[in-house]
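Peer 1: Compute the structure for the input listed below.
(one chain, ligands or ions: 2)
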Amino acid sequence: MMLDLFDTPVLPGLAERPDIIDRSEEQMLIRRIDESDLKPFRFQGWTGKRFTTSFGWCYDFEAGKPMEAPPIPDWLEPFRDRAAHFVGLAPDLLIQALLIRYDPGAGIGWHRDRPVYEHIIGISLGEPATMRFRQRRGEGFARASMPLEPRAGYHMSGGARYDWEHSIAEMEMPRWSITFRSMANAYAR
Ligand SMILES: O=C(O)CCC(=O)C(=O)O
Ligand SMILES: [Fe+2]
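Peer 2: Ligands and ions are numbered 1, 2, ... in the order given. All right, here's what the predicted structure looks like:
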């Protein structure tokens, strides 16, 4: 599959919004993320070079279920509003905010986001990265990729979110991201 740099989505359900934040907001958000109570991502005894914290809800990978987390802080609210506006959702539907710092050598392996969530809206900070997508086709994989420019927002829903896995390769430079998610209908209270 070809990398599509222009308006046509790379995959159905993928959209990007360049410069959803400006440079001073980016610097402020990076500082806020670094000041947050980040914990190394842990899964089955394995500890990564990816540091995370969640607000609203968090997914406990050890327990395999979502759990309530501290409320979304005031400094993050305007960005939740912007993320919601970008995709045409009411802001209070974005019940989770995930902050991530990827230290040098960190990436995120192939996965689909947990089914408890539906819409996924990310804001990319710091360094350009590439979101890779793959879908099993017989013995191999169909592949696609989406550039993640710093300060851009991206929306993952539909086919790209449910029918493809995504990952980000290990990078030499640090990168930060903020991800907002809505709850899937089936799980909404
Ligand atoms: O860092 C990002 O932009 C993506 C993170 C991601 O895929 C996830 O946390 O599920
Ligand atoms: Fe993900």
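
Peer 1: what's around Arg181, how many residues?
Peer 2: Counted by other Cβ atoms under 10 Å, the residues lying close to Arg181 total 26. Every C-beta, even on glycine, is put in place using the N, C-alpha and C of the backbone.

Peer 1: if you skip the residues just before and after it, what's nearest to the closest residue to ligand 1 within the chain?
Peer 2: Nearest residue of the chain to ligand 1 (Cβ to the nearest ligand atom) works out as Ser177 at 3.3 Å. Nearest non-adjacent residue to Ser177, counting by Cβ to Cβ, 6 or more residues apart in numbering: Ile100, 4.8 Å away.

Peer 1: what comes into contact with the host helix or strand of Arg161?
Peer 2: Per DSSP states H and E, Arg161 falls inside helix 158-162. With contact meaning Cβ atoms under 8 Å, 6 or more residues apart in numbering, helix 158-162 is reached by Pro9, Val10, Leu11, Pro12, Gly13, Leu14, Arg112, Asp113, His119, Ile120, Phe133, His166.

Peer 1: wait, what's in contact with the residue nearest to Ser177?
Peer 2: Counting by Cβ under 8 Å, 6+ apart, Ile100 touches Ile33, Arg50, Phe51, Thr52, Trp176, Ser177, Ile178, Thr179.

Peer 1: would TSV of those residues with pLDDT be doable?
Peer 2: Below are these laid out as TSV (pLDDT from 0 to 100):
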residue	pLDDT
Ile33	98
Arg50	93
Phe51	95
Thr52	94
Trp176	98
Ser177	98
Ile178	98
Thr179	98
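
Peer 1: Would you reformat those residues as TSV and include secondary structure and neighbour count?
Peer 2: Formatted as TSV, those follow (DSSP: H, G, I helix; E, B strand; the rest coil; neighbours: other Cβ atoms under 10 Å):
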residue	secondary structure	neighbour count
Ile33	helix	21
Arg50	strand	22
Phe51	strand	20
Thr52	strand	20
Trp176	strand	22
Ser177	strand	23
Ile178	strand	22
Thr179	strand	22
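
Peer 1: Now do the same contact list for the closest residue to Asp113 other than its chain neighbours.
Peer 2: Distances taken as Cβ to Cβ, 6+ apart put Ile120 closest to Asp113, at 5.6 Å, once the chain neighbours are dropped. Ile120 sits next to Asp113, His155, Met156, Ser157, Arg161, Thr179, Phe180, Arg181 when contact means Cβ under 8 Å, 6+ apart.

Peer 1: which stretches of this protein have low pLDDT?
Peer 2: Flagging of the chain using pLDDT under 70 yields the residue ranges 1-9, 43-47, 186-189.
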